[in-house]
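J.: Mind folding the following:
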Amino acid sequence: MFEFLKRKSDQRKKRPLIIMIHGFGKRRSDEYLKLRNALKDGYDMECPDLFDQNYEDDTVWHNWVSRAEEKIIAAKNDGRRIILIGFSMGGVIASYLAAKFKTEKLILLAPAFEYLTITTASNVVKSGLSKKETDTDYKELPSSFTSTFMDVVNNCKEGIEKVNCPTLFIASMKDELIPYTVTLKYYRKVKHDQKNCVILPDGEHRLLDNEKSGPLVIALIKDYLKDEF
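T.: Reported below is the predicted structural model:
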């Protein structure tokens, strides 16, 4: 019995753990529901909630980052290899953590390295609820969180220059919040020679939710995880 459990543990440790870091939005980790469902049969995944909109005083940027970092530390202590996926603000955090911890691969979806204006930062949270969702499905974020979002970006964005792992950027030309040129700009900052950037002609900021871009993004991620990109 103990030998069987040991074998299962060893098998689990042989494959990397995917840690998905969400953006600045009402749904938090639910942003990844479609991707998690697509990967559930072949991968182990963690998707920590970075903040709780029930607590308006949760406004220390490093606390948001630490909730993702804790998952990485726990996985490393368990002998796991790490793949990081980050969407929007989560992409900035993922790059910061990839620079800090040894990472197998880094995947950045519409990363919000530049939010342009305070108004844009505030609008990030208001975008992207699907047609089946209502305002009551997810609680609004406190207005105090907008400045914390900006603090996260300002304190983490330079990490991209220290990333030392294969990296994939995906963005849309029709992103209504973060221009795709921001993705191109920060793609050029990655010094690792194994880097790729895909700019889709269709879609919007919430790439995984869009009917046109969502299936394509998931297919790209699957291929990249299997080294078939």
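
J.: which stretches of this protein have low pLDDT?
T.: The chain contains residues with pLDDT under 70 at 1-13, 116-136.

J.: at 50 instead, please
T.: 2, 4-6, 118, 125, 128-135 (pLDDT under 50).

J.: spatially speaking, which residue is in the middle of it?
T.: Among the residues of the chain, the one closest to the centroid is residue 86, at 1.4 Å (Cα atoms, centre = their mean).

J.: That residue: what secondary structure?
T.: The three-state assignment at residue 86 reads strand, by DSSP: H, G, I helix; E, B strand; the rest coil.

J.: Surely it is in contact with residue 103?
T.: No. With contact defined as Cβ atoms under 8 Å, residue 86 does not count as touching residue 103 (11.1 Å). In this view, the C-beta of every residue, glycine as well, is placed from N, C-alpha and C.

J.: Where is the longest helix in the chain?
T.: helix 61-77 (DSSP state H).

J.: Put the alpha carbons of stretch 56-65 into CSV.
T.: Written as CSV, here are the backbone C-alpha positions of stretch 56-65 (Å, rounded to 0.1, in the frame of the first residue of the first chain):
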residue,chain,number,x,y,z
GLU,A,56,-12.0,46.6,1.4
ASP,A,57,-8.9,47.0,3.4
ASP,A,58,-7.0,44.3,1.4
THR,A,59,-5.1,47.0,-0.4
VAL,A,60,-1.4,46.0,0.1
TRP,A,61,-0.1,45.1,-3.3
HIS,A,62,2.5,42.6,-2.0
ASN,A,63,-0.2,40.6,-0.2
TRP,A,64,-1.9,40.0,-3.5
VAL,A,65,1.4,38.8,-5.0
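
J.: gap between the helix or strand harbouring residue 35 and the chain center?
T.: Taking DSSP states H and E as the definition, residue 35 sits inside helix 33-39. Its chain's C-alpha centre and that of helix 33-39 lie 13 Å apart, by Cα atoms, centre = their mean, to the nearest Å.

J.: try stretch 105-117
T.: Here the centre of stretch 105-117 is set off from its chain's centre by 9 Å, with Cα atoms, centre = their mean.

J.: Also stretch 167-182?
T.: The answer for stretch 167-182 is 14 Å, by Cα atoms, centre = their mean.

J.: So which residues of this structure form strands?
T.: Along the chain, the segments classed as strands by DSSP state E run 17-21, 44-46, 82-87, 105-109, 167-172, 195-200.

J.: who's in contact with the third one?
T.: It refers to strand 82-87. Residues outside strand 82-87 that contact it (Cβ atoms under 8 Å, 6 or more residues apart in numbering): 16-23, 31-32, 35, 72, 75-76, 92-95, 97-98, 101-111, 206-208, 221, 225.

J.: I only care about the residues you listed that end up buried; give me the PyMOL line for that.
T.: The buried subset of those, as determined by 16 or more other Cβ atoms under 10 Å, is captured in PyMOL by this line:
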select buried, resi 16+17+18+19+20+21+22+23+31+32+35+72+75+92+93+94+95+97+98+103+104+105+106+107+108+109+110+111+206+207+208+221+225
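
J.: Let's have the strands of the chain in TSV, adding distance to residue 184.
T.: Below are those laid out as TSV (distance: least, Cβ to Cβ, whole Å):
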stretch	distance to residue 184
strand 17-21	21
strand 44-46	28
strand 82-87	17
strand 105-109	12
strand 167-172	8
strand 195-200	7
